[in-house]
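S.K.: any chance you can model this:
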Amino acid sequence: MAEKQILKEPTGVLIYLTTCKIFGKVYLDIQERLTDYINDTHRSFLPVTDARIESISPTEDWRYEVPFLNVNKNYIVTIIPSSEQDPVAEKITHPIR
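M.R.: All right, here's what the predicted structure looks like:
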């Protein structure tokens, strides 16, 4: 029996949690929207690759880079399809409330 391959495409994201922001990539099925993936109740975690995590607190200055990170979707404040080259993403310093 032939193996079934699922094609996925990388999508850059900017994720805000309450204390930090995460730049990275998520892999969505071809034609799948980020909104659909986030709203899927069968998935509790969002796998993020090439993740850069930074503090958003004005009193803290820390940064981590990891090849893989599982983010609990319950803690996501805001998620924006983006990329590190996106000038809008770089200007955002606090979650939209």
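
S.K.: so residue 82 touches residue 16, yeah?
M.R.: No: the pair residue 82 and residue 16 does not pass the contact test of CB atoms under 8 Å, sitting 11.2 Å apart. Every C-beta, even on glycine, is put in place using the N, C-alpha and C of the backbone.

S.K.: how far away from the center of its chain is stretch 61-76?
M.R.: Centre-to-centre, stretch 61-76 and its host chain are 8 Å apart (CA atoms, centre = their mean, to the nearest Å).

S.K.: cool, stretch 47-54 as well?
M.R.: Relative to its chain's centre, stretch 47-54 lies at 7 Å (CA atoms, centre = their mean).

S.K.: next one: stretch 55-74
M.R.: 11 Å.

S.K.: pLDDT (mean, whole number) over it?
M.R.: Mean per-residue pLDDT for stretch 55-74: 95.

S.K.: just the endpoints, please. Distance across it?
M.R.: Distance across stretch 55-74, first residue to last, is 19 Å (CA to CA, to the nearest Å).

S.K.: need the contact partners of it.
M.R.: Contacts with stretch 55-74, where a contact means CB atoms under 8 Å, 6 or more residues apart in numbering, come from 15-17, 19-22, 24, 38, 43-54, 93-95.

S.K.: just the buried ones among the residues you listed, please.
M.R.: For the contacts of stretch 55-74, a burial check counting by 16 or more other CB atoms under 10 Å picks out 15, 16, 17, 20, 21, 22, 24, 46, 48, 51, 53, 54.
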